[in-house]
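A.B. asks: predicted model and sequence follow; I will ask about them next.
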Amino acid sequence: NRLSNIVYNQVIDAWSRRSLPKNEAGTVAGTRAENVLLRMMDNFRITGNEHMRPDVISYTGVIKAYINSPIGGVKALELLDEMNDECMNGNRGAKPDNKAKSVVIDACIKSGLLTEAFRIFSGIDDSEKSIVMFNTILTGYKNEGRCHEAESVLRKMISLSDEGYPNCSPNTLSYYLCIFALSKGKGKERVARARALFNETIQRYRGGDISCEPSADLFNALAQVISHSEIPCRENEVLTLLEEMEAYGCTPTLESFNILIHTCSRSEEKNNMRNALQIAASAYSALDAAGLTADSVTYVSMIRAILNLMNDSEGKVQALTALFRKCCEGGFLNQHMINVLAQDTSEDDFQSITGISRGLDALQIDRLPYEWRQNSTQRKN
């Protein structure tokens with residue numbers, strides 16, 4: 001009867017650390033961890049040893065093991081219900097604490113179960129909520145582009161902070177998530193709203209709130225909103241924003257450059273196309289000096305910029321050929337890039353640029369040399 005749940009919890013914890021993001025290993029790890037939990041319950045029923053009963057640590061570990069699984073949210077809700085049942089049946093050690101609820105909320109957000117996540121979040125007393133919980137909820141609204149709800153949560157955080165709950169005070173990540181949600185939203189006012197949130201972050205930082213220190217991600221989020229808007233000369237706005245980053249001690253990232261190049265590629269004002277192309281080319285050329293390497297997103301954006309903004313047909317083919325070769329040398333070719341070139345160039349130009357015949361089979365990325373695509377991502381612009 002000296003056995004306890006400590007060793008079992010350590011095994012569960014080990015499996016929870018095997019749950020990798022965007023990986024089916026999350027389901028395997030969760031299943032293995034849950035099997036350990038079931039074994040604990042069986043041993044308790046056989047021995048009657050109270051020290052063998054699963055506790056909140058056991059259940060939280062299993063939820064964490066499932067957290068990156070496609071079924072992570074569903075399993076988290078099931079396990080939370082089981083914890084409550086265990087507690088009602090006399091196992092007070094299984095009572096869900098705020099850490100367990102926070103993990104359940106995170107699992108639900110990762111599975112797209114925002115309504116369930118918010119239900120659990122709302123059931124926690126305001127005095128016990130934390131910045132982590134709030135930011136997890138904001139992540140859910142960001143993922144769905146629900147900017148109004150995101151800003152409402154932000155205002156609640158500020159209100160609670162003013163009422164004496166410092167653990168609820170928003171930080172840079174909170175503002176980033178709200179601004180990013182606006183990049184997925186609709187409405188002409190979203191650029192103004194994003195700028196207002198951005199400026200509010202800066203004001204809080206200047207007022208002494210170091211948790212609101214500007215970051216590259218914050219700048220990139222505002223740049224995304226501008227890029228996806230319909231305001232004129234968007235590329236100039238994004239360029240100015242990136243130039244301001246250094247004044248705040250932030251270094252532009254590859255994402256910063258990719259946003260700028262993508263914004264240029266979307267320029268539709270005929271009298272501004274040359275300027276947009278020059279900005280895109282300069283940004284692309286500046287990557288080496290910045291210690292950055294172009295990726296699939298960079299190359300797709302540059303290809304779009306050349307296709308949309310360059311008028312010289314011969315120069316366009318030459319530029320695309322050089323860019324395509326550079327892309328293949330780095331292993332960043334992806335299916336989206338092939339599709340863009342095939343759609344927007346003639347059959348002869350496509351073959352001249354890529355060296356590939358535009359037959360149906362030849363356009364499939366898996367039929368092309370692996371070295372051309374070994375480092376590619378499939379993200380579209």
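C.D. replies: Received the coordinates, thanks. The shown structure was predicted, so the numbers you read here are calculated from the model rather than taken from an experiment.
A.B. asks: which residues touch the helix or strand containing L38?
C.D. replies: Using DSSP states H and E, L38 sits in helix 25-47. With C-beta atoms under 8 Å, 6 or more residues apart in numbering as the test, helix 25-47 has contacts from 1, 3, 5, 8, 11-12, 15-16, 18-20, 49-50, 52-54, 58-59, 61-62, 65-72, 75. No exception for glycine: its C-beta is placed from N, CA and C like everyone else's.
A.B. asks: just stretch 246-253 next, same as before
C.D. replies: Outside of stretch 246-253, the residues within contact range by C-beta under 8 Å, 6+ apart are I202, P214, S215, A216, F219, N220, L242, M245, A290, L292.
A.B. asks: of those residues, buried ones?
C.D. replies: By neighbour count, with 16 or more other C-beta atoms under 10 Å, the contacts of stretch 246-253 hold P214, S215, A216, F219, N220, L242, M245, L292 as buried.
A.B. asks: measure the residue nearest to N171 when sequence neighbours are not counted to M157 for me?
C.D. replies: Using C-beta to C-beta, 6 or more residues apart in numbering and skipping the chain neighbours, the partner closest in space to N171 is S211 (4.0 Å). To M157, S211 is 11 Å away according to C-beta to C-beta, to the nearest Å.
A.B. asks: between the two, which has more neighbouring residues?
C.D. replies: Counted by other C-beta atoms under 10 Å, S211 and M157 do not tie: M157 has more neighbours, with 23 against 14.
A.B. asks: and the residue nearest to N171, what is it in contact with?
C.D. replies: S169, P170, N171, T172.
A.B. asks: and stretch 235-242, how far out from the chain middle?
C.D. replies: 23 Å (C-alpha atoms, centre = their mean, to the nearest Å).
A.B. asks: correction: stretch 85-94
C.D. replies: On C-alpha atoms, centre = their mean, the centre of stretch 85-94 falls 37 Å from the chain's centre.
A.B. asks: what are the C-alpha coordinates of that stretch, in PDB please?
C.D. replies: Output of stretch 85-94 as PDB, limited to C-alpha atoms (Å, rounded to 0.1, in the frame of the first residue of the first chain):
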ATOM      1  CA  ASP A  85     -17.300  13.500 -11.700                       C
ATOM      2  CA  GLU A  86     -14.400  12.200  -9.700                       C
ATOM      3  CA  CYS A  87     -14.600  15.100  -7.400                       C
ATOM      4  CA  MET A  88     -18.300  14.600  -6.800                       C
ATOM      5  CA  ASN A  89     -17.600  10.900  -6.000                       C
ATOM      6  CA  GLY A  90     -15.200  11.800  -3.200                       C
ATOM      7  CA  ASN A  91     -11.900  12.300  -5.000                       C
ATOM      8  CA  ARG A  92     -11.200  15.900  -3.900                       C
ATOM      9  CA  GLY A  93      -7.700  15.700  -5.300                       C
ATOM     10  CA  ALA A  94      -9.100  15.600  -8.800                       C
END
